[in-house]
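Enquirer: Okay, predicted coordinates and the sequence, questions at the end:
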Amino acid sequence: MSSSSKKIFVTGVAGFLGSHLSERLVTLGHKVVGIDNMLGGYEDNVPSNIEFHRGDCCDFEKIKSLMKGVDVVYHCAATAHEGLSVFSPFEITKNNYLASVSIFSAAVNEKVKRIIFCSSMARYGNQITPFTEKMNPFPVDPYAISKVASEEVLKNLCELNNIEYVIAVPHNIIGPRQKYDDPFRNVVSIMINRMMQGKAPIIYGDGKQTRCFSYIDDCLSCLIPMLDQKYLNKQIINIGPDEEFVTINKIAEICSNLTGVNLQPIYKKDRPQEVKHATCSAEKARSLLNYKTTVSLQEGIKKTYDYIKNRGTRPFDYNINIEIDNELTPSTWKNKEI
């Protein structure tokens with residue numbers, strides 16, 4: 001595939017990742033057609049210079065019509081609620097697995113050249129860290145299962161129909177435009193939004209869970225070359241720093257220092273099926289994509305804080321229904337305590 005101007009279809013263009021990616025692709029001279037159902041994004045995230053369609057990825061006929069003449073697909077859209085998927089498995093599976101099958105099927109039907117799928121570190125489950133791409137997937141919750149199943153369908157369809165594909169595995173992306181009024185995901189944004197309203201951060205378990213966080217620009221530095229580099233075909237690549245792992249307790253401390261809200265965290269019981277340690281190896285990304293961390297964790301959280309401060313705090317939007325309400329369901333969700 002050449003690096004000349006292409007027609008690119010991006011899902012989730014009102015979301016955090018999809019909006020930044022679309023914007024970057026347009027600046028590189030490509031035409032972007034995008035779709036979003038607005039479940040996980042903001043209207044003002046959508047770049048003004050793309051062809052935007054409001055709709056659902058499960059609407060196969062609509063997707064097929066929008067895919068006409070498309071060269072490359074970036075499938076970024078997801079209901080990325082790993083913890084919630086244990087209690088709302090139908091909605092999460094529909095919005096991830098069925099939506100992905102719709103996107104991939106339409107793309108194959110329209111004979112696109114390449115599909116880039118944004119999977120999730122959830123694919124690795126509770127394996128020994130740091131996660132490497134050589135590990136077999138070991139999903140432990142419905143969200144992770146939906147992502148791994150989507151990967152398998154992608155590989156199956158692309159190999160049968162001779163279409164190139166790349167599976168990107170971003171790890172906890174942070175930065176401006178992230179949805180910060182979502183009570184079910186985005187721990188950094190949730191903490192900042194709460195603290196700026198004078199509320200203590202909520203932590204599930206003991207807060208010793210470890211994560212790695214990638215700033216949006218560092219993530220894009222890997223996603224953009226996936227557009228057309230031939231040697232990346234059929235690769236699975238982690239995207240995230242491996243030099244800076246952090247506990248949730250430390251995240252709360254950083255957010256407290258930024259907001260000036262010095263309140264002791266409220267500790268809640270562990271969420272069922274939560275992966276305690278989720279950190280990745282970036283060795284493959286360094287080797288194939290010359291990946292490096294240019295924005296530190298502290299800087300990334302500060303940029304996220306500045307974005308939320310500029311927009312103003314928001315009440316949390318419980319826009320996904322709890323499907324399984326029992327003694328295991330976190331009280332923060334069933335009672336809307338966040």
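Expert: Now that the structure is in, tell me what you want to look at.

Enquirer: quick one: contacts for Arg114?
Expert: With contacts defined as CB atoms under 8 Å, 6 or more residues apart in numbering, the neighbours of Arg114 are Met1, Asp71, Val72, Val73, Ile163, Glu164, Tyr165, Val166, Leu227, Asp228, Asn233. (Glycine included, C-beta is placed from N, CA and C.)

Enquirer: which of those are buried?
Expert: Those of the contacts of Arg114 that meet the buried threshold are Asp71, Val72, Val73, Ile163, Glu164, Tyr165, Val166, Leu227, Asp228, by 16 or more other CB atoms under 10 Å.

Enquirer: Pick out whichever of those residues sits closest to Lys250.
Expert: Val166 (32.3 Å; CB to CB).

Enquirer: Find the residue at the geometric middle of the chain.
Expert: When CA atoms, centre = their mean is applied to the chain, the residue found nearest the centroid is Ala80 (6.1 Å).

Enquirer: looking at this, that residue is in a strand?
Expert: No: according to DSSP: H, G, I helix; E, B strand; the rest coil, Ala80 belongs to no strand; its state is coil.

Enquirer: That one: what's its closest spatial neighbour, skipping adjacent residues?
Expert: What sits nearest to Ala80 in space, not counting adjacent residues and going by CB to CB, 6 or more residues apart in numbering, is Arg185, at 6.0 Å.

Enquirer: In terms of helix, strand or coil, where does the one you found fall?
Expert: Going by three-state DSSP: Arg185 is coil.

Enquirer: ok, now which ones touch it?
Expert: Ala80, His81, Glu82, Gly83, Leu84.

Enquirer: Look up how far Phe316 lies from it.
Expert: 11 Å (CB to CB, to the nearest Å).

Enquirer: Equivalent analysis for Lys111, please.
Expert: 43 Å.

Enquirer: more neighbours, those two?
Expert: A direct count of neighbours by other CB atoms under 10 Å for Lys111 and Phe316 places Phe316 higher, at 18 against 12.

Enquirer: pretty sure the more buried one is in a strand, no?
Expert: No: assessed with three-state DSSP, Phe316 is coil; it does not lie in a strand.

Enquirer: isn't it right next to Tyr180, touching?
Expert: No: using CB atoms under 8 Å, Phe316 is not in contact with Tyr180, being 9.1 Å away.

Enquirer: Quick check: neighbours shared by those two?
Expert: In contact with both Phe316 and Tyr180: Ile190, Asn193, using CB under 8 Å, 6+ apart.

Enquirer: one step back: identify the farthest-apart pair in the contacts of Arg185.
Expert: Ala80 and Gly83 (10.4 Å).

Enquirer: first to last residue in stretch 103-120, what's the distance?
Expert: This stretch, stretch 103-120, spans 17 Å end to end (CA to CA, to the nearest Å).

Enquirer: List the buried residues of that stretch.
Expert: Neighbour-count burial for stretch 103-120 [16+ other CB under 10 Å]: 103-108, 110, 112, 114-120.

Enquirer: Likewise for stretch 204-221?
Expert: Residues of stretch 204-221 classed as buried: 204, 207, 209-216, 218-221 (neighbour count, 16+ other CB under 10 Å).

Enquirer: same question, stretch 322-332
Expert: Ile322, Thr329, Pro330, Thr332.

Enquirer: from those residues, which ones fall inside helices?
Expert: Thr332 (DSSP state H).

Enquirer: got CSV for the buried residues of stretch 322-332, with pLDDT and distance to Gln197 too?
Expert: Listed next are those as CSV, based on pLDDT from 0 to 100; distance: CB to CB, whole Å:
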residue, pLDDT, distance to Gln197
Ile322, 97, 23
Thr329, 97, 24
Pro330, 97, 20
Thr332, 96, 15
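
Enquirer: For Ser287, state which of the buried residues of stretch 322-332 is nearest.
Expert: Closest approach to Ser287 among the buried residues of stretch 322-332 (CB to CB): Pro330, at 39.7 Å.

Enquirer: hang on, the closest one packs against Lys268?
Expert: Yes: assessed by CB under 8 Å, Pro330 is found in contact with Lys268 at 6.5 Å.

Enquirer: Pull up the overlap in contacts between the two.
Expert: Counting by CB under 8 Å, 6+ apart, the shared contacts of Pro330 and Lys268 are Tyr204.

Enquirer: Model confidence score at the residue nearest to Ala80, please.
Expert: Arg185 is assigned a predicted lDDT (pLDDT) of 95.

Enquirer: re earlier: greatest separation within the buried residues of stretch 103-120: which pair is it?
Expert: So, the buried residues of stretch 103-120 by CB to CB: farthest apart are Glu110 and Ser120, at 25.8 Å.

Enquirer: Find the residue ranges of the protein scoring beneath the pLDDT cut-off.
Expert: 1-3 (pLDDT under 70).

Enquirer: what's the domain layout of it?
Expert: For the chain, whose domains are defined here by automatic domain parsing, the residue ranges read 7-173+215-239, 187-211+242-283+290-320+329-334.

Enquirer: Please work out which of these is packed deepest.
Expert: Across those, the average number of neighbours (mean count of other CB atoms under 10 Å) peaks for domain 7-173+215-239, which reaches a mean of 20.

Enquirer: How far does that one stretch from one end to the other?
Expert: Span of domain 7-173+215-239 from end to end, CA to CA: 25 Å.
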